[in-house]
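A.B. asks: what shape does this take:
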Amino acid sequence: MFDYELTFWDKVRKPYWFITRSIDSIIYYIKEKLRKIFRGYSGGEWYDFYSCHARYCLPRLHHLRENIHGHPMIFSEWGYEGCDDEYGGMGMLRKDYDKAIKNGEMLGGGIDAWKEILDKMILAFTYIIKENSGGHTKLEKKLIKAMINLYGDEWEEIEKNKNDSRYHLFINPNCKKDDDHYSCHVSVDDDIEKIKKEYDEKGWDYKGIKGHTYYHSEEIAKNMLKKVDEGMVLFSKYYQNLWD
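C.D. replies: All right, here's what the predicted structure looks like:
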């Protein structure tokens, strides 16, 4: 968007940055490996616990879902084929079971209902991984693809996800392009005359209204975040039932 000519010092320090950053990366890698060995977990496993925990849970939940044999008592159905027990094999009369269903003390639905709950947990963790992690595993890619096929991809570059961002641009002439304080974007809805005066006093240059196009669907994002919230609530609610 802006022309910026590299100075002699910029050209000289580029390979220096590459070398020092490479050395820092190697040292960091070794430190993290040692922390994993002696402490039991690396730095990324606590400062990025959110996505790290999701990546731990997802394959295990998926395996549980695919190989499950039972379900929590609350999903039990009264009676079963060939049952002649007046208590329906559950230790309660049918009328008491129906009352428990009505009061929410029992949910019924059997193993299919329990699998549906697990699917909602899996969906929540899948979305968290898609949005916060890279280098996806084969299973993660498979589940992410299935999720996108069902609910859409909020970042897909299609017309209905297209957005135009417009803003007033100010440039600090005393900074290089790669400095943190080189530019400032101000909303087109703000009082530009007042802001122009403030930035003029600071010595910044006004470059007019600029804009760029980006792709994101707020509708899909909000829908998926609701599903994440639902899945996390269920994960907490049935945490002690996550065994088979």
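A.B. asks: please count neighbours and contacts with C-alpha atoms only from this point.
C.D. replies: Will do.
A.B. asks: now do the SS call for residue 186.
C.D. replies: When the structure is split into helix, strand and coil by DSSP: H, G, I helix; E, B strand; the rest coil, residue 186 lands in strand.
A.B. asks: tally of neighbours for it?
C.D. replies: If you count neighbours by other Cα atoms under 10 Å, residue 186 ends up with 15.
A.B. asks: how about the nearest residue to it, chain neighbours excluded?
C.D. replies: residue 168 (4.9 Å; Cα to Cα, 6 or more residues apart in numbering).
A.B. asks: list the contacts for the one you found?
C.D. replies: Listed by Cα atoms under 8 Å, 6 or more residues apart in numbering, the contact partners of residue 168 are 185, 186, 187, 188, 192, 206, 207, 208, 209, 210.
A.B. asks: so the fifth one versus residue 202, what's the distance?
C.D. replies: This points to residue 192. Taken as Cα to Cα, to the nearest Å, the spacing of residue 192 relative to residue 202 amounts to 15 Å.
A.B. asks: helix, strand, or coil at the residue sitting furthest away from the middle of the chain?
C.D. replies: The outermost residue of the chain, judged against the average C-alpha position, is residue 84 (49.5 Å), by Cα atoms, centre = their mean. When classified by three-state DSSP, residue 84 comes out as coil.
A.B. asks: any idea how far residue 61 is from the closest residue to residue 72 other than its chain neighbours?
C.D. replies: Here the nearest residue to residue 72 in space, its sequence neighbours aside, is residue 241; by Cα to Cα, 6+ apart that works out to 6.3 Å. Using Cα to Cα, one gets 12 Å for the distance from residue 241 to residue 61.
A.B. asks: shaky segments in the chain?
C.D. replies: Segments of the chain classed as low confidence (criterion: pLDDT under 70) are 1-18, 81-82.
A.B. asks: before we move on, the earlier item: of residue 192 and residue 202, who's got more company?
C.D. replies: For the pair residue 192 and residue 202, the greater number of neighbours falls to residue 192 (13 against 10), based on other Cα under 10 Å.
A.B. asks: ok, that one to residue 200 distance?
C.D. replies: The span separating residue 192 from residue 200 equals 12 Å under the rule Cα to Cα.
A.B. asks: residue 106 belongs to a helix?
C.D. replies: No: remark: residue 106 does not belong to a helix; assigned using three-state DSSP, it is coil.
A.B. asks: who's in contact with stretch 121-141?
C.D. replies: When contacts are defined by Cα under 8 Å, 6+ apart, stretch 121-141 is touched by residues 51, 54-55, 57-59, 61-62, 143-144, 147, 224, 227-232, 234-235.
A.B. asks: recalculate using a threshold of 6 Å.
C.D. replies: Stretch 121-141 has contacts (Cα atoms under 6 Å, 6 or more residues apart in numbering) with 51, 54, 228, 231.
A.B. asks: count the residues that sit near the second one.
C.D. replies: What it means is residue 54. As a burial measure, the neighbour count of residue 54 was computed by other Cα under 10 Å and equals 19.
A.B. asks: could I get the buried residue list for stretch 97-105?
C.D. replies: Under the neighbour-count criterion of 16 or more other Cα atoms under 10 Å, stretch 97-105 has 97, 98, 101 buried.
A.B. asks: okay, and which of these map to helices?
C.D. replies: In this view, the buried residues of stretch 97-105 that belong to helices under DSSP state H are 97, 98, 101.
A.B. asks: now render those as TSV, adding distance to residue 42.
C.D. replies: Converted to TSV, those look like this (distance: Cα to Cα, whole Å):
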residue	distance to residue 42
97	49
98	51
101	46
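A.B. asks: can you give me the helices in the protein?
C.D. replies: With DSSP H as the criterion, the chain has helices at 8-39, 44-47, 49-66, 94-103, 110-132, 138-151, 192-202, 218-237.
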